[in-house]
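# pasting the sequence and the predicted coordinates here, then a few questions.
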Amino acid sequence: MLLAGKIAIIVTVFVNLCEPGMIFAFYGKLIDKLPDWLYNPLGGCVKCTTGQVCFWYYLITNFHEYSFIDHIFFTSSGIFLSLILNKIWTLSDQ
């Protein structure tokens, strides 16, 4: 779960830095033209992007020792932690 937390931190910071005026705003503009089903998991949504990164990271790194329950837990943990982190991020903007 610690690794899912690290992924959640990285993705939350990255997605929030894709907003206009931030360092990765060019990426935000690039993906903004995509349909929602691509935009969200590629950086438009903290939950979606964290879920995708956790899902694929677990699948690739645990291919030989795969556990469906662990896979779901890892992905869900990342999404849950990204929600908490994003809430803290948005509160700090006020």
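Structure received.

# going by C-alpha atoms from here, please, whenever you check contacts or count neighbours.
Fine.

# show me where this structure has helices.
Remark: helices assigned in the chain by DSSP state H are 2-16, 25-32, 36-39, 46-61, 68-92.

# and the shortest one, what does it pack against?
By that I understand helix 36-39. Applying 3 or more CA pairs under 8 Å, 6 or more residues apart in numbering; DSSP states H and E, we find helix 36-39 packed against no helix or strand.

# what's it in contact with?
Outside of helix 36-39, the residues that reach it under the criterion CA atoms under 8 Å, 6 or more residues apart in numbering are 31-33, 45.

# okay, the helices of the chain in TSV with mean pLDDT and mean neighbour count next?
As requested, the helices of the chain are exported to TSV (pLDDT from 0 to 100; neighbours: other CA atoms under 10 Å):
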stretch	mean pLDDT	mean neighbour count
helix 2-16	96	19
helix 25-32	96	16
helix 36-39	96	14
helix 46-61	97	20
helix 68-92	95	17
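
# roughly how far apart are Glu19 and Val13?
For Glu19, the distance to Val13 (CA to CA, to the nearest Å) stands at 11 Å.

# and what of Asp36?
Taking CA to CA as the criterion, Asp36 is separated from Val13 by 20 Å.

# before we move on, what about Ile72?
On the measure of CA to CA, Ile72 and Val13 end up 23 Å apart.

# so Tyr66 touches Ile60, yeah?
No. Between Tyr66 and Ile60 there is no contact, the gap being 9.5 Å when judged by CA atoms under 8 Å.

# ok so, going back, hmm, which two among the contacts of helix 36-39 are most spread apart?
Greatest spatial distance in those: Lys33 and Cys45, 14.2 Å, computed using CA to CA.

# so for those two, which sits in the more crowded spot?
Here Lys33 and Cys45 are set side by side on neighbour count (other CA atoms under 10 Å), and the busier one is Cys45, at 17 against 10.

# chain neighbours aside, what residue packs nearest to that one?
In space, not counting the residues next to it along the chain, Cys45 is nearest to Val15; the distance is 7.2 Å by CA to CA, 6 or more residues apart in numbering.
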